[in-house]
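Q: Okay, here's the prediction I keep looking at, along with the sequence it came from:
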Amino acid sequence: MRLFTLALLLAVSAAPASAQQLDLGGITDQLQGQTVGGIIQLFGLLTVLSLAPGILIMVTSFTRFIIVFSILRSGIGLPSTPANLILVSLSLFMTFYVMGPTFDRAWNEGVQPLVANEIAEEEALGRIAEPFRDFMVANVRDKDFDLFADLAREREQADVSIEQADFRILVPAFMISEIRRGFEIGFLIVLPFLVIDLIVATITMSMGMMMLPPVVVSLPFKILFFVLIDGWNLLVGSLVRSFA
């Protein structure tokens, strides 16, 4: 009788557990498309946030700034001064300054209406991307854009104008334009330092100091020259004004 009573109690207690398992399965089967869509949107948002540094480099003025500052540091002859953190931070804040109107337009026309549930995600994405498109169109070289447009035609892709170009065409054209302009500005910056190096090397060779590296002597003169002409003020001002 005790064994029978124990078996009966186990059977009664197992019935709710099996019912709960069936209910969980039913809940899983009753997932709506909106829930799945919300999960996909959340995953897409996390992906965009993880790629934010790369997007910042691709569609903003950061590329030109960091290239010019790196060439300047190499031209002076200081491999680690200013430090990479300082150059990157300065480039970021200059990027925020130059891209301020673009960021404000994207926020006011795309992000705020989306947060207020006034527009859908698809429309908000187009409104956010449009200011960056206008910035890239204003600063891309026609020759670089024509290169990628011709490559798209060779692959039988859409033939569009620069105002309606796909980001797959506009972004790489804008990046190589920025790289070219960065090297052009860097070349003009390095020339005075190269002249100082040549003058110092000529003087040290004429004095018979064969074992003395000219860079050791020219480094203080290059730093002094850059400070006397207020180089940072001139360089930063010129870089900011170089953007349309």
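A: It's in.
Q: Quick check: residue 109 vs residue 128, distance?
A: Distance, residue 109 to residue 128, using Cβ to Cβ, to the nearest Å: 8 Å. Using the backbone N, CA and C atoms, a C-beta is placed for each residue, glycine as well.
Q: show me where pLDDT drops low in this protein?
A: Along the chain, segments meeting pLDDT under 70 span 1-38, 40-41, 43-45, 48-49, 156-161, 163.
Q: In it, which helix is the longest?
A: Taking DSSP state H as the criterion, the chain has its longest helix at helix 167-206.
Q: Measure how far that helix is from the centre of its chain, please.
A: 22 Å (Cα atoms, centre = their mean, to the nearest Å).
Q: Show me which positions of the helix or strand following that helix end up buried.
A: The element immediately downstream of helix 167-206 (helix or strand, assigned by DSSP states H and E) is helix 214-228. Residues of helix 214-228 classed as buried: 214, 217-219, 222-223, 225-226 (neighbour count, 16 or more other Cβ atoms under 10 Å).
Q: do the same with stretch 97-114
A: Buried residues in stretch 97-114 (16+ other Cβ under 10 Å): 98-99, 102-103, 105-106, 109-110, 114.
Q: now stretch 46-66
A: Under the neighbour-count criterion of 16+ other Cβ under 10 Å, stretch 46-66 has 56-66 buried.
Q: would you turn these into JSON lines with distance to residue 179 and secondary structure?
A: Below are the buried residues of stretch 46-66 laid out as JSON lines (distance: Cβ to Cβ, whole Å; DSSP: H, G, I helix; E, B strand; the rest coil):
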{"residue": "56", "distance to residue 179": "16", "secondary structure": "helix"}
{"residue": "57", "distance to residue 179": "11", "secondary structure": "helix"}
{"residue": "58", "distance to residue 179": "12", "secondary structure": "helix"}
{"residue": "59", "distance to residue 179": "14", "secondary structure": "helix"}
{"residue": "60", "distance to residue 179": "14", "secondary structure": "coil"}
{"residue": "61", "distance to residue 179": "12", "secondary structure": "coil"}
{"residue": "62", "distance to residue 179": "12", "secondary structure": "helix"}
{"residue": "63", "distance to residue 179": "6", "secondary structure": "helix"}
{"residue": "64", "distance to residue 179": "8", "secondary structure": "helix"}
{"residue": "65", "distance to residue 179": "12", "secondary structure": "helix"}
{"residue": "66", "distance to residue 179": "11", "secondary structure": "helix"}
